[in-house]
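Trainee: Here is a sequence together with a model predicted from it:
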Amino acid sequence: METIIDLRSDTVTRPTPEMREAMKNAIVGDDILRDDPTVIRLEELSAELFGKEAALLTISGTMSNEIAAMIYARPGDEIIVFSESHIYNLETGGISALSGAQPRPLQSDSGAYDAAELCRAIMPPGVQRARTRLICLENTFHLDRGLAVAKGRYAETIALARKHGIPLFMDGARIFNAAAALNTTVADLTGFCDSVDVCLCKGLAAPLGSLLIGSKDFIDEARRIRQRIGGGMRQAGVIAAPGLIALTRMAGRLAEDHENAEQLRSGLEGLGIRVDRGGVLTNIVNLDICPTGWKASLFADRLSGSGIKVKVCAEHTLRMVTHNDIQSRDVAFVLDKIGSMLRERPQA
C-alpha cells in the first residue's frame, strides 16, 4: 500500500495503539445518568489541569464552542469574535442559528484585539443596540497560521472585559500547542478566562472529543444544553479513555511536532519558498509559493501524486500541519519532493 504523508491537518491523526487498547478495555456506564467512571475521571482531570471547577465531555470543539455561546447569549445579543476565528468561519453560522446572537467580527493579525477597536465594538446601553454579552478568544490563533498567544497579549482585553462585566471565552482547541511553544501551562494561559474548550483530537491524537471547562454552575448549564442539542451520550467511556491518554501522554510530546514544523519551514525557505514567521509558531506551517511561479492548487495536486497531502488556502498559499503521525524522515521526504518539483518549469 502506498505511504501517504498527510499534512492537511492534525485532525487526521490516528489513535495510538495504547488508545485503541484503552477504548477496548474502558470501564463504562451511562454518562447522561453520570454513571460512567471513565468520563468522570477525564472531566475531573481536565478541570484540574486548567485550574477550573468542572468540565464537560462533548463530541467536538464546535459543540463546546456553541454550547458556550448559548449559555452566555440570547437572541438579539452580540458576541465579539476574531474575523479569522474558527467559531466565526467554520461552524456553519452556529452562533446565529443556535444562540440567536449575532457575531461582531474584528480583525487581528496576532490573536489579540486592538484595544481601541474592541472598546468601540462593545455596545453601550441603548434601546436600539444589541447587548454585547461575550468576548471570544482563540489560542492557538488562526487555523492557517497556528500562532501561540502569550497571556500578556490579552491584558487590555481583560481590562475592558472586566470594566464592562463581559465574560471571556477561549476557543483553546490547540491550547496545549500554545503552552508547549510558550513553555508554560494551559492553566496559566487560560486562568483569566471564564470558560475554555480544548480538543482531544488534533495534536493530542485522540479519535474524537472535546472538553468544555469552567465553573460548576457553568458546566451544570452546559450539560443541560448539551442534552438539548442531542449531545448527551450513554457509554461514553470509550471516548473518554483515549482522551485520558491524550491529556497525560500526548500533550507532553507536542514539542516534537513543533520541531518537525520548524524543520519544514527552514527547508522550504532554503528552496526559495516564503513561510509565515509572524509570531510564536507551533505545528502549522503557512507557505507562500508565489516566488516559485507555481499556483497553490497545481502545487498541491503534484504533491498528491507523490502521496503528500496539503491544504490549499489561497491562490499562492498552502498549509502544512505536523502531528503525531509525521516524523522527521517524512519532512525530509516532503522537502526532497518539493525540491524536485521546483526544478521543473512552473505550470500555469
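Mentor: Thanks, I have the structure now.
Trainee: Okay, G305 and R319: tell me how far apart.
Mentor: The span separating G305 from R319 equals 19 Å under the rule CB to CB, to the nearest Å. (Each C-beta comes from the backbone N, C-alpha and C, glycine too.)
Trainee: Of those two, which one has the most company?
Mentor: A side-by-side neighbour count of G305 and R319, using other CB atoms under 10 Å, places R319 first with 21 against 10.
Trainee: Quick check: buried residues in the longest strand seen in the chain?
Mentor: Longest strand in the chain, counting residues (DSSP state E): strand 132-138. Going by neighbour count (16 or more other CB atoms under 10 Å), the buried part of strand 132-138 is 132-138.
Trainee: ok, those vs A54, which is closest?
Mentor: L134 (19.1 Å; CB to CB).
Trainee: Pretty sure that closest one sits against R74.
Mentor: No. L134 lies out of contact with R74 (CB atoms under 8 Å); the separation is 10.9 Å.
Trainee: shared neighbours, these two?
Mentor: A101 (CB atoms under 8 Å, 6 or more residues apart in numbering).
Trainee: Could you pull out the helices in the stretch 51-200 of the chain for me?
Mentor: In chain order, the stretch 51-200 of the chain shows helices spanning 61-72, 86-89, 94, 115-121, 155-164, 175-182, 186-190, with DSSP state H, counting those that start in this stretch as the criterion.
Trainee: With mean pLDDT and mean neighbour count added, can I get the ones you listed in a markdown table?
Mentor: As requested, those are arranged in a markdown table below (pLDDT from 0 to 100; neighbours: other CB atoms under 10 Å):
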| stretch | mean pLDDT | mean neighbour count |
| --- | --- | --- |
| helix 61-72 | 98 | 26 |
| helix 86-89 | 98 | 20 |
| helix 94 | 97 | 20 |
| helix 115-121 | 98 | 13 |
| helix 155-164 | 98 | 15 |
| helix 175-182 | 98 | 24 |
| helix 186-190 | 98 | 21 |
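Trainee: Out of those helices, which gets nearest to G278?
Mentor: Go through those one by one with CB to CB and the one that ends up closest to G278 is helix 175-182, at 13.7 Å.
Trainee: residues in contact with that closest one?
Mentor: The contact list for helix 175-182 (CB under 8 Å, 6+ apart) reads 139-140, 146, 148-150, 172, 185-186, 188-190, 196, 198, 203-204, 251, 254-255, 257-258, 280-283.
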